[in-house]
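[1] Just need the structure, nothing else, for what follows:
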Amino acid sequence: MRLLRSQRLVGVGVAVLLGGWAAAVCGSSSASAASSSSSSAAPTSVTASAAAAKACGNPNLSAPMDASGALKGVSPQYLANYAGYPYPILKSAWANWKPRKKTGFVVGVIMSNTQNSAQAELLAGIKQGLKANSKIAKVIVEVNNDSLPTELQEYRSFVQEGVNLIVLQPLSQQAEIPEIKAAAKKGIPTISAENSLPTADDVTVNFNIEQGSARQAAAVAAMMGGKGSVLEVHGVPGISLDNEAFEGFAAALKVCPGITVVGSVVGDFLPTAAKSQTLEFLSTHPAPIGGVLQAATMGAAAVSAFQEAGRPLPAVSFNWAQKNDLAVWKQLRTQGLKAVATVDNTIAVGTAIADVANRMLAGDGVKVNAVIAPMKQLTSADFASFVSPSWTPSTVGNVDIDANGYWPAAFLNQLFKKPAKGGS
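    Next comes the predicted model:
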C-alpha cells in the first residue's frame, strides 16, 4: 500500500530520537501568565488548557527495544527511524554469513498477491534491483493470492530446491517463523517485505508504521483543537499493519484527555466497505464527530460517507495515501476539509529489499534483523504540490514520493559489517 520528487516533506528528524517529538504538533503558542500575584496559586483554567493543548498529540515514543545492542554505532539521524518501533531489535543471525558460492545465485520471491498497483510496483522494484546484480543467475517469483497454505508450500519448495536467498511477503508471523528458522539451519536467509517478523533468522525491510500513525493522530488532534470525538476505521483487525497503526494512534491520543474515541468500524482496506460501515455508524450516532483515524487507504471513503450523511467534514488521517485521497483533499479543502497524509514509495521498498539481498549475497554481513525507514508526512502546507491535475476522487493508485529518501546508502552502510561492498 503506497513519482514525484519531494520539495517540502515533513521528515521524522533527529529530534524524535528516543524522547518524543521535538516540537508540539498539536497545540498553540505559550499562553500568557494568568496572574503574577501568587506564584503558588493553582493554575487558572486558561493556563491549564494551554498546558493540555501543548501535551496533546505529542506522544513520548519509546526508545528502540535494543537490549542486544544491535543498533550500536548507528547515527542519531537513522536511529530515529526506530523510535516507537513495536518489536525487539535483534542481532542478525546473518552477520557473519557468506554464501557457499560467489556467483550464479538463485533468489526466490514470494508475493502475497499482485492484484493492485502497489503490489505490482513492489515486485517491480525487487526484480529491478536483483536483476541489476550480475552475480544473480535467476529470480523465481511465486504468488499465493493471500493463501497461507499456498505460501508455506511455496516457501518449502524454495528451501527444498536450495535457493540461495528468499524474499517473502509474510501473511502470518506464527506460521512463518518456524519455517524461516528451518531454512536458516540450511543456510538460506529470508528477507521479509513490509510485514515485520521478530526473529533473528529473518531480515525485515519495512516502514515504522506505529511511528507514522502516531504522527497522523497527533496532527488530527491538533486540527481538532485537542478536544472532541474521533471515529476509528480499521482495515483488517489482527494483521500487523492494522495493529501497528492503531498502536500509534493510541500513543498519540493517550496524552489527549479531551479527545474521545466514539467508536470503530472495519473497512477491510476496501473503500466500498469502509464507506458502507462508516455510513451505518453515522446513522446511529448523531453526535458531532470531529476526526477520523483510519489504518490505510480508506480516508476518501470515510470523507464520502460523512458527505452522504450530511455531516460536517471531520479532520482526517489519509494514512498510506492514495491518489484519490489527495484529489479529494484538494477538492474539499475550500469546504473546510482538514487532513494530513502519510506517503511512501512502493518501488523504493522493492529496491531497498534488493539492495539488502545483494549486500547479503556479497557477504557484507547484515548486523540487525530490522531495516526500518520512516514514513513521510504531507500537511495542508505542501500536499497540493504533489497532486497531479489528472487525479480525481476515483483515481486509483498509490502516491509515490521521494524514491531515494527512505533507505539511502548512508543508512544501509551503518547496518552492515562491510558497508557498500555489495550494495549501491
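[2] which residues in this structure form strands?
    Along the chain, the segments classed as strands by DSSP state E run 105-111, 136-143, 165-168, 190-193, 202-207, 228-234, 259-266, 291-294, 315-318, 338-343, 370-373, 376-378.
[3] Buried deepest among the ones you listed, which one?
    The highest mean neighbour count among the strands of the chain, using mean count of other Cβ atoms under 10 Å, belongs to strand 315-318: a mean of 29. For the C-beta atoms, the positions are set from N, CA and C on the backbone; glycine is no exception.
[4] rewinding a little: right, and the strands of the chain - which one's nearest residue 352?
    strand 202-207 (5.4 Å; Cβ to Cβ).
[5] from the middle of its chain, how far away would stretch 225-243 be?
    14 Å (Cα atoms, centre = their mean, to the nearest Å).
[6] for stretch 176-192, same thing?
    24 Å.
[7] where do the helices sit along the stretch 301-424 of the chain?
    Secondary structure of the stretch 301-424 of the chain (DSSP state H, counting those that start in this stretch): helices at 323-332, 346-361, 409-413.
[8] would TSV of those helices with mean pLDDT, mean neighbour count and distance to residue 235 be doable?
    Below are these laid out as TSV (pLDDT from 0 to 100; neighbours: other Cβ atoms under 10 Å; distance: least, Cβ to Cβ, whole Å):
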stretch	mean pLDDT	mean neighbour count	distance to residue 235
helix 323-332	95	23	14
helix 346-361	94	25	17
helix 409-413	95	16	28
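[9] quick one on the thing from earlier: can you put the strands of the chain in a markdown table and add distance to residue 181 and mean pLDDT?
    Below are those laid out as a markdown table (distance: least, Cβ to Cβ, whole Å; pLDDT from 0 to 100):
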| stretch | distance to residue 181 | mean pLDDT |
| --- | --- | --- |
| strand 105-111 | 17 | 97 |
| strand 136-143 | 20 | 97 |
| strand 165-168 | 13 | 98 |
| strand 190-193 | 10 | 96 |
| strand 202-207 | 9 | 95 |
| strand 228-234 | 31 | 98 |
| strand 259-266 | 33 | 97 |
| strand 291-294 | 35 | 98 |
| strand 315-318 | 37 | 97 |
| strand 338-343 | 33 | 94 |
| strand 370-373 | 17 | 96 |
| strand 376-378 | 34 | 92 |
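[10] Can you check which of those strands gets nearest to residue 82?
    Nearest of the strands of the chain to residue 82, taken as Cβ to Cβ: strand 370-373 at 5.6 Å.
[11] So in that sheet, which strands flank the closest one, and in what orientation?
    If you go by DSSP bridges, strand 370-373 pairs up with strand 202-207 (parallel).
[12] Can you pull the domain assignment for this protein?
    Domain ranges of the chain: 76-208+346-374+407-413, 209-343, per automatic domain parsing.
[13] so which of those comes closest to residue 55?
    Closest to residue 55 of these is domain 209-343 (Cβ to Cβ; 4.9 Å).
[14] What is the distance between the closest one and the centre of its chain?
    Taking the mean of its C-alpha atoms, domain 209-343 sits 16 Å from the chain's own mean (Cα atoms, centre = their mean).
[15] Over to stretch 382-396?
    A distance of 21 Å separates the centroid of the chain from that of stretch 382-396, by Cα atoms, centre = their mean.
[16] what's the span of that stretch, first residue to last?
    For stretch 382-396, the first and last residues are 21 Å from each other (Cα to Cα, to the nearest Å).
[17] Take the strands of the chain and lay them out in TSV including distance to residue 158.
    Output for the strands of the chain, formatted as TSV (distance: least, Cβ to Cβ, whole Å):
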stretch	distance to residue 158
strand 105-111	4
strand 136-143	7
strand 165-168	5
strand 190-193	10
strand 202-207	14
strand 228-234	33
strand 259-266	34
strand 291-294	36
strand 315-318	37
strand 338-343	33
strand 370-373	21
strand 376-378	33
